[in-house]
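Participant: Predicted model and sequence below, questions to follow.
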Amino acid sequence: MQRAVVLAAALFATAAAPALAQPYGGARLLPVRSEAQPRHGYQLAKPDLVATAAGVRAHGTICRRAGHVGAPVRMIRLQHLDPTGRVLGAVQVRVDFDSLRRSASCSAYDLATAWTLSPADTVRATAL
């Protein structure tokens, strides 16, 4: 009986794997270069970029390293850069961390923009 339950769970996981592997409900990530500029004591992931009817949605995470006691990150700024590095647009979003403990913690951000990106553009996330 126990073996049958394990086998059934394995079959379910195998069948569900393609659906679980699709980020953002099956929406495709845009083939645009993205980069991240973290601050000391933090890890900032490159943003994922998804096309929406209104523009581009950006999603990412920032994590504070355990024991870090430096200046806190309170904002993430996203910049839309053309191929020459000129800033075409910028938006910011607030991120919150548990400020009472020095343990490692992470926060996610999600922004909607009205940007139209070309494949040669870059989106840069900066921890502020």
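Facilitator: In hand now; what should we look at? Residues are numbered from 1 along each chain as shown.
Participant: Please make it C-alpha for all contacts and neighbour counts, starting now.
Facilitator: OK.
Participant: Could I get the full set of helices for this structure?
Facilitator: Assigned by DSSP state H, the helices in the chain fall at 2-20.
Participant: so where's it uncertain?
Facilitator: Residue ranges of the chain with pLDDT under 70: 1-24, 26, 97-103.
Participant: at 50 instead, please
Facilitator: Applying pLDDT under 50 to the chain picks out residues 1-21.
Participant: Tell me what the residue positioned nearest the centre of it is bridged to.
Facilitator: The chain has Gly60 as the residue nearest its centroid, 1.4 Å off, counting by CA atoms, centre = their mean. Gly60 has the following beta-bridge partners by DSSP bridges: Tyr109.
Participant: From His40, how far off is Ala112?
Facilitator: Ala112 sits 27 Å away from His40, going by CA to CA, to the nearest Å.
Participant: Could you report the neighbour count for Gly25?
Facilitator: Burial of Gly25 is recorded as 9 neighbouring residues (other CA atoms under 10 Å).
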